[in-house]
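Novice: Got a predicted structure here, sequence first:
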Amino acid sequence: MSHKALVIIPTYNESENIHAIVEAVMAQPQDFHLLVVDDNSPDGTGNMVAELQKHYNSETSRLHLLRRAGKMGLGTAYIDGFHYGINNGYQYMLEMDADFSHDPKDLNRLLLACAEGGADVAVGSRYVTGVNVVNWPMSRVLLSYFASMYVRLITGMTVQDTTAGFVCYRAEVLKTIELDKIRFVGYAFQIEMKFTAWKFGFNIIEVPIIFTDRTRGQSKMSSGIFKEAVFGVIQMTIRSWFRKYLRQPQ
């Protein structure tokens, strides 16, 4: 297929953002395809995407919708999206949020880091050039920053922004790391994906971005998510001692 890059956006009750984020992704100079993975949003987000498909798919089918039965977690949404991308022949798959915390213009920089810059994984990083976060209270900035420090300490990874959710993967990475063995479903999913790619020896490059907290809709953050990250990182690291990370020829 001529379009090789798929942007994946998981949604749950994002009706306030969905029109604008779809429009912004579609307006980028790179000819991105967009897959919205909607967990049966009660506010009708999925139906709004279906309406938008009539407009955007009149000439080429660039806007895709994957409806799921209910709220099943961020990690499984991305994994379902990755399987969709692999099955449909995309070379690059990008994760981003629906709430404009990730600037759609930065999609181009992440893609080019993989397509031309030698990265297997390109991470939109809040911390690689200091702390680039807008609209967060200082308590949350510190929590996020020290969470990444903690992950680096436990795992040995050198990635500065281990919890980042704005990422581009080459398809080879996603085919190699055995997606169905990824255990976490919350924000620790982002840590586990980077850790597993790193253990397989893939080249991870951080691209500096400015992260802006959502202005519309509700945050999905909870204390359970942080517990999963804190305790899960230790479990994940110990499990890795008993697993072989061998890349098969593609």
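Specialist: Looks like it arrived, so ask away.
Novice: next helix or strand past the worst-scoring helix or strand of the chain on mean pLDDT?
Specialist: Lowest mean confidence among the helices and strands of the chain (mean pLDDT, DSSP states H and E): strand 133-134, at a mean of 66. As assigned by DSSP states H and E, the chain's next helix or strand after strand 133-134 is helix 138-155.
Novice: Please spell out which residues along that next one are buried.
Specialist: Buried residues in helix 138-155, counted by 16 or more other C-beta atoms under 10 Å: 144, 145, 147, 148, 151, 154, 155. Quick note: C-beta positions are derived from backbone N, CA and C, even for glycine.
Novice: Using CSV, list the CA coordinates for that helix.
Specialist: Once non-C-alpha atoms are left out, helix 138-155 reads as follows in CSV (Å, rounded to 0.1, in the frame of the first residue of the first chain):
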residue,chain,number,x,y,z
MET,A,138,4.3,20.8,40.0
SER,A,139,3.3,17.7,42.0
ARG,A,140,2.4,15.8,38.9
VAL,A,141,5.5,17.0,37.0
LEU,A,142,7.7,15.7,39.9
LEU,A,143,5.7,12.4,40.1
SER,A,144,6.2,11.7,36.4
TYR,A,145,9.8,12.8,36.3
PHE,A,146,10.8,10.7,39.3
ALA,A,147,8.8,7.8,38.0
SER,A,148,11.0,7.8,34.9
MET,A,149,14.1,8.0,37.1
TYR,A,150,12.9,5.1,39.1
VAL,A,151,12.3,3.0,36.0
ARG,A,152,15.8,3.7,34.7
LEU,A,153,17.3,2.8,38.1
ILE,A,154,15.4,-0.6,38.3
THR,A,155,15.7,-1.6,34.6
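Novice: to the chain's geometric centre, what's the distance from that helix?
Specialist: Relative to its chain's centre, helix 138-155 lies at 18 Å (C-alpha atoms, centre = their mean, to the nearest Å).
Novice: Could you do stretch 75-94 as well?
Specialist: The chain centroid and the centroid of stretch 75-94 are separated by 11 Å under C-alpha atoms, centre = their mean.
Novice: what's the answer for stretch 96-112, then?
Specialist: Stretch 96-112 sits 10 Å away from the centroid of its parent chain (C-alpha atoms, centre = their mean).
Novice: Convert the C-alpha atoms of it to CSV, please.
Specialist: Output of stretch 96-112 as CSV, limited to C-alpha atoms (Å, rounded to 0.1, in the frame of the first residue of the first chain):
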residue,chain,number,x,y,z
MET,A,96,-0.8,9.3,20.5
ASP,A,97,-3.6,10.6,22.8
ALA,A,98,-6.8,12.2,21.6
ASP,A,99,-6.7,15.2,23.9
PHE,A,100,-4.0,17.3,22.2
SER,A,101,-1.5,16.7,25.0
HIS,A,102,0.6,15.5,22.0
ASP,A,103,1.0,18.0,19.2
PRO,A,104,-0.1,16.4,15.9
LYS,A,105,2.7,18.4,14.2
ASP,A,106,5.2,16.3,16.1
LEU,A,107,4.0,13.1,14.4
ASN,A,108,6.1,14.1,11.4
ARG,A,109,9.3,14.4,13.5
LEU,A,110,8.7,11.0,15.1
LEU,A,111,8.1,9.3,11.8
LEU,A,112,11.2,10.8,10.2
